[in-house]
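> My questions are about this predicted structure, shown below with the sequence.
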Amino acid sequence: AQSVSQHNHHVILSEAASLELGCNYSYGGTVNLFWYVQYPGQHLQLLLKYFSGDPLVKGIKGFEAEFIKSKFSFNLRKPSVQWSDTAEYFCAVTTYYGNNRLAFGKGNQVVVIP
Amino acid sequence: EPEVTQTPSHQVTQMGQEVILRCVPISNHLYFYWYRQILGQKVEFLVSFYNNEISEKSEIFDDQFSVERPDGSNFTLKIRSTKLEDSAMYFCASSGPSQETQYFGPGTRLLVL
């Protein structure tokens, strides 16, 4: 079964700082990759996704992620964070033959200090 | 924008009791899912459902669990005899015909005492 690793579970940074969250997965076949965000008190929302094509994908709210197949990684980035980016961020993977079950990482709790 | 809804938002129950968690998926979606997140742990897949039957289930989804689509709009998860370790946040999700993206509900926080 595929597994997803996210490191640095708690991240604290100041507004305007750059953010990068790492995501590595263990499945060797074709994968679909997702980042979901959960703002305080809200439900999981899709931030961006990668299925194929350009490995650099842009999502909502200025986020982007880069798929590096050789590194089994799908890192999330934002050049300049805002206080409203305080949230928990989850990387998730489905495999081509996996019946679409999402395998989640443990999440990154990001706190942006004004 | 259409959303997945879940009721109740919180449920407290005694060990051994049955609980039913309810979900209303997005109306034109065909694929339905349940996930759970035990406090401090990863979000885990429980089951997927399509065309009125389970399409995949995880090792967590044992005989104590069942899912049903009793009518055209609701999708339910039943836990027959709850255990302490069933305490978790339960998320419902749905996806459209292409199955590309799963849209999540706000979750039901279940506490088993």
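Great, that's in hand. Residues are numbered from 1 along each chain as shown, chains lettered A, B, ... in the order given.

> Now do the residue nearest to the spatial centre of chain B against A:Tyr27, distance only.
The centre of chain B sits closest to B:Trp34, judged by Cα atoms, centre = their mean, with a distance of 3.4 Å. Between B:Trp34 and A:Tyr27 the distance is 22 Å, computed by Cβ to Cβ, to the nearest Å. For glycine as for every other residue, the C-beta is placed from the backbone atoms N, C-alpha and C.

> Leaving out sequence neighbours, find the closest residue to B:Ile79.
On the basis of Cβ to Cβ, 6 or more residues apart in numbering or on different chains, the spatially nearest residue to B:Ile79 that is not a chain neighbour turns out to be B:Val19, at 5.1 Å.

> What's the local residue count around the one you found?
19 (other Cβ atoms under 10 Å in any protein chain shown).

> and B:Gln37, what does it touch?
B:Val43, B:Glu44, B:Ala88, B:Met89, B:Phe91, B:Gly107 (Cβ atoms under 8 Å, 6 or more residues apart in numbering or on different chains).

> can we see that at 10 Å?
For B:Gln37, the contact set (Cβ atoms under 10 Å, 6 or more residues apart in numbering or on different chains) comprises A:38, A:44, A:90, A:104, A:106-107, B:43-44, B:88-91, B:107, B:109.

> What parts of chain A come near chain B?
Within reach of chain B by Cβ under 10 Å from any Cβ of the partner chain, chain A has these residues: A:1, A:3-4, A:6, A:9, A:32, A:34, A:36, A:38, A:41-46, A:49, A:51, A:90, A:92, A:94, A:98-107.

> let's see it at 7 Å
Taking Cβ under 7 Å from any Cβ of the partner chain as the contact definition, chain A meets chain B at A:His43, A:Leu44, A:Leu46, A:Lys49, A:Phe90, A:Asn99, A:Asn100, A:Arg101, A:Leu102, A:Phe104, A:Gly105, A:Lys106.

> In TSV: those, plus distance to A:Ala17 and neighbour count.
Formatted as TSV, the entries for the residues of chain A next to chain B read as follows, by distance: Cβ to Cβ, whole Å; neighbours: other Cβ atoms under 10 Å in any protein chain shown:
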residue	distance to A:Ala17	neighbour count
A:His43	27	19
A:Leu44	24	27
A:Leu46	24	16
A:Lys49	25	18
A:Phe90	21	25
A:Asn99	39	14
A:Asn100	35	22
A:Arg101	35	23
A:Leu102	29	24
A:Phe104	26	22
A:Gly105	22	26
A:Lys106	22	18
